[in-house]
Every structure is written in structure tokens, then in C-alpha cells.
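**Student:** What follows is a protein structure lacking sequence information:
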């Protein structure tokens, strides 16, 4: 069986002995030797390193189980209480969002304490300035939204159509006042209205997690929202090395060493009103956003 | 308007609104795959065509159309009953 590391199966028969212990999608841990691609661990089997990785697999599984149980408890018990105690919908949404902030903050701290990840923020102060903020980030891993909300006591999100069809997630999203992504134009209006009210919104313009090859094509919804509300885009670059929890990567496919999240808040991008149509301005703004995030990712890769 | 005139009007709107090269907005050009229009662009296109033609276009229907020619055919279809109302019986 000879397949390449990108697609996740060991490229040589020798590596097969360790296939269960080698993080197959972590390209940094593969070496070229004698014309063949070999996992580093296949040449230098290290029991301690394997034990640490097994712990990380176990820790990841436990973390997801805790996350799921906590989400269930919050959605069924705590969020309804927040809504009832608040009187009106807006105050209820604000309270639920604050609970999510505390829960995600605790979850990130837990992941750090058990040795799964390490997080470094650069330029985080920009998030603490008075809103509105339209945060637009790349989306390399499953827990990017958790990382971002862990620093934002108030943050509205746009929930994808597929998530909105899940009764459990739809209920939680509704309790938090999140926007569902059923109709592009309606989402633009809803987000612009929230921004005019001074709120913070998080969007992932790729629409889904980044591909293994990097940033996907950016959708223009964020640019339309910025133009409609008259607020700048606040780009955030998320980098995670070694790779984990990426699109198509199994949760148990954890790297040999702890993953480092570097989250960089870049300078805001002001929408330029030049007399051109909104459609054209949105294209230009999205192109600028793509360039900025691309440059940010390049910088993160050499850091 | 004839169907050809409507097609020209649709192409002119696409070229102006989205700064597309006229060579790209051929009748069989696909709105999403070839011209890179998203759902919000289609709403903008519908609004612009409404301004240009004075017709009321249903946005939902526009989302089902695939090509530039389909848009022209749709506008022609909407125009037909309106035109027949004004015609002497």
C-alpha cells in the first residue's frame, strides 16, 4: 500500500507497523529519504513520545465528551433559565452569549492544561475597543470559534444551514440569538442591523474549514455586511501547528507534539466608497481581505 | 422589448454592475460558475433589472436560473403578461 501523507495513509510498508501511532496528516513529521516519504517516528521509535501522543488522543476524546455533555446541560437547563430571567429576548441573548464565553474560556484553558494546545494571541487589544466589530477569520480547525469566543463576552455568529437543521444546535443558536444562514441577503440585513447596534459578529468567509492546501475561496457576504453597515472588517488570522482537527481529519489523528495556536488580530480594513456598485465594492473588499489573511498566514508560517 | 433586446439589457447590467468583461457575459455563460455571482449578487442583479425594465422580478426564481440566457428568458416571460394587459383587445 503506497499512498501519500496528505491523504492520510502510510506511504510505505515499513511505516504501516506504526500507522496507528503516527499522525498521518502532519506533514512536518514526514521526511524524504532514499526517494521515499517516511514518518519520522518510523525511523526513531520513541516510547515516551508515543505515550504522550496516546495521552493526547485520550485527552481529546475526553474533552469532546465533556464539551458535548456541557453543551447539552447548558442548552437544556442554563440557557432557558437565562431567557426566562431576562424578560426580553435581547437581554436573554446577551446572557446566553456571556455563558458561552465563560464555557469556551474554561474549555480552552482545559485543553491547555491537559497539554493538547497552547495559544498565543497577537493584537488582542483591538477586540477590547468599543464595537461594533465585524471579525472575519480564516478557519483552519474545528475549535476556531471556541478560541475566538473565549475572548469575546458578546459575540454573534452566523450558523450554517446544515447546523440550523440540527434540532439541538438550532435550539442553542436560537437561545443565543445567532443568525441562521438560510438566505444570503437576509443574513446581510440581519448582521448589518446587529452591527448598527454596536455588537460584535464573527464570520468565517471561507464558509467551512480551510482545506489542507490552505485558504479556500472567500465568500463575499462579510464584505456586503461591512458595506451595508458602514463598519470595517477586522481580519483575524488563525494558525495551528502541528495541524489538528482540520477538515476531513479525524479527531483522534492528533500530532506528536502539542499544537500551537497563534491568533493574530490584524488592522481593520475600511470599506472604500468610490461610487462603484456595492457588488463591485464587495469584490474588491473581499480581494483585499484575502490578501491580508494570506499575508498573515505567510508570516505565521515563518514565525 | 424583444428577447434580443432584453438579452442585451441583461448583459449590459452584468457588465456594469459587476465590472465583467463583455466577452464573458455570453448567453450560455453560467451565472455562478463562469461569472462568479453569489446569492447576494443575484439579488442586486434582480434589483438593477427591475430599475431598468420597470418589471417586478421574483428574486427566488432568479436563484434557480443558471445562465445569462435563462435570465433574459425569465425577464421576457415576466414582461409578456404585462405587455398583453396594455395591448388593445
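**Tutor:** Perfect, thanks for sending it. As the structure is a computational prediction, the values presented were derived from the model and not from experiment.
**Student:** list the contacts for the closest residue to residue A:169 other than its chain neighbours?
**Tutor:** Of all residues not flanking residue A:169 in the chain, residue A:163 sits nearest, at 4.8 Å (Cβ to Cβ, 6 or more residues apart in numbering or on different chains). C-beta here means a position set from N, CA and C on the backbone, and glycine is covered the same way. Shown in contact with residue A:163 (Cβ atoms under 8 Å, 6 or more residues apart in numbering or on different chains): A:169-170, A:173.
**Student:** How confident was the prediction at residue A:258?
**Tutor:** pLDDT recorded at residue A:258 is 92.
**Student:** Quick check: phi and psi on it?
**Tutor:** Residue A:258 has phi and psi values of phi -60, psi 140 when expressed as degrees, to the nearest 10.
**Student:** avg pLDDT for stretch A:237-253?
**Tutor:** On average, stretch A:237-253 scores 92.
**Student:** Centre of the chain to it, how far?
**Tutor:** 10 Å (Cα atoms, centre = their mean, to the nearest Å).
**Student:** Report the buried residues of it.
**Tutor:** A:237-246, A:249, A:253 (16 or more other Cβ atoms under 10 Å in any protein chain shown).
**Student:** swap in stretch A:288-303?
**Tutor:** So for stretch A:288-303, counting by 16+ other Cβ under 10 Å, buried means A:288-290, A:292-293, A:296-297, A:300.
**Student:** Repeat that for stretch A:119-135.
**Tutor:** Neighbour-count burial for stretch A:119-135 [16+ other Cβ under 10 Å]: A:119, A:121-122, A:127, A:131-135.
**Student:** That one and chain B in contact?
**Tutor:** No - counting by Cβ under 8 Å from any Cβ of the partner chain, chain B has no neighbours in stretch A:119-135; the shortest distance is 15.4 Å.
**Student:** Endpoint to endpoint, that stretch covers what distance?
**Tutor:** 19 Å (Cα to Cα, to the nearest Å).
**Student:** which outside residues touch that stretch?
**Tutor:** A:108, A:112, A:147-148, A:151-152, A:154-155, A:191, A:194-203, A:222, A:225-226, A:229, A:231-234, A:236, A:260-266, A:268.
**Student:** roughly how far is that stretch from the heart of the chain?
**Tutor:** That offset, for stretch A:119-135, works out to 15 Å (Cα atoms, centre = their mean).
**Student:** what's the average pLDDT for it?
**Tutor:** pLDDT averaged over stretch A:119-135 gives 94.
**Student:** got it, and stretch B:53-69?
**Tutor:** Mean predicted lDDT for stretch B:53-69 stands at 86.
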